[in-house]
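Engineer: here is my input, please return the structure:
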Amino acid sequence: MIDLANKVYFDKIRYVLSNIEKLGLTNDELVVSLSILLLQEEQSQVSIESIKKLTNLDVKFIDDIVTRLAGKRYLEIVVDGTQVNFSVDNLFSLKEVGPIEMTDIFKIFEDEFSRIFSQKELVRINEWTKVYSDDEIIDALRSASIMNKLDLNYINRILENNRLE
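Structural biologist: So this is what the prediction gives:
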């Protein structure tokens, strides 16, 4: 894996625009990705609200796109205390991003929660995989993370509510 994103001479926006098809980005994902890159280059706080101000897109729509980008592993959302940080550096990692495997779901949860899960928690996540798709589970996790409510009960309610919509 070559780390192009941190090279001084590397034009991230030009790279994304030149590789839209290779990256498999929809137009909406492209707009949100470029907005995040622009905000980062301006050293502005990247948030759903700052993307909304830049693009005039609906907050729920942006949240859905952020979830899709995270599902494709192009976007990383890191909660640091009370601050949520967005990174699209994975767009530049020059590696194939494959489908999420079962062990990856557990790792994604443990990484997001910043701790090792108990057997009971792992069983609960495993039960979700029998009812919901991997994308639905990851989307619910990302939504909870964005709201800074990392709790399995909260994620379960998101999953149930999304099914009702």
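Engineer: going forward, measure contacts and count neighbours with C-alpha atoms only.
Structural biologist: Noted.
Engineer: now the helices for the chain?
Structural biologist: Here the chain has its helices, by DSSP state H, at 12-18, 20-23, 27-41, 48-55, 59-71, 102-113, 119-131, 134-146, 152-164.
Engineer: nearest to residue 92, out of these?
Structural biologist: Residue 92 lies closest to helix 12-18 among those, at 7.9 Å (Cα to Cα).
Engineer: average pLDDT across that closest one?
Structural biologist: The average pLDDT within helix 12-18 is 85.
Engineer: now stretch 89-103
Structural biologist: 60.
Engineer: and this structure, what are its domains?
Structural biologist: Listed by automatic domain parsing, the domain ranges of the chain are 12-92, 102-164.
Engineer: could I get these as TSV with mean neighbour count?
Structural biologist: Shown next, in TSV, are the domains of the chain (neighbours: other Cα atoms under 10 Å):
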stretch	mean neighbour count
domain 12-92	16
domain 102-164	15
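Engineer: please tell me how far the residue nearest the centre of the chain sits from residue 120.
Structural biologist: When Cα atoms, centre = their mean is applied to the chain, the residue found nearest the centroid is residue 70 (2.3 Å). Plainly put, residue 70 is 26 Å away from residue 120 if you go by Cα to Cα, to the nearest Å.
Engineer: same check, this time on residue 112
Structural biologist: Residue 112 sits at a distance of 17 Å from residue 120 (criterion: Cα to Cα).
Engineer: by mean pLDDT, flag the weakest helix or strand of the chain.
Structural biologist: Ranked by mean pLDDT, DSSP states H and E, the weakest helix or strand in the chain is strand 76-80, scoring a mean of 74.
Engineer: quick one: low-confidence parts of this protein?
Structural biologist: Confidence mapping of the chain against pLDDT under 70 gives the ranges 1-10, 79-82, 94-103, 165.
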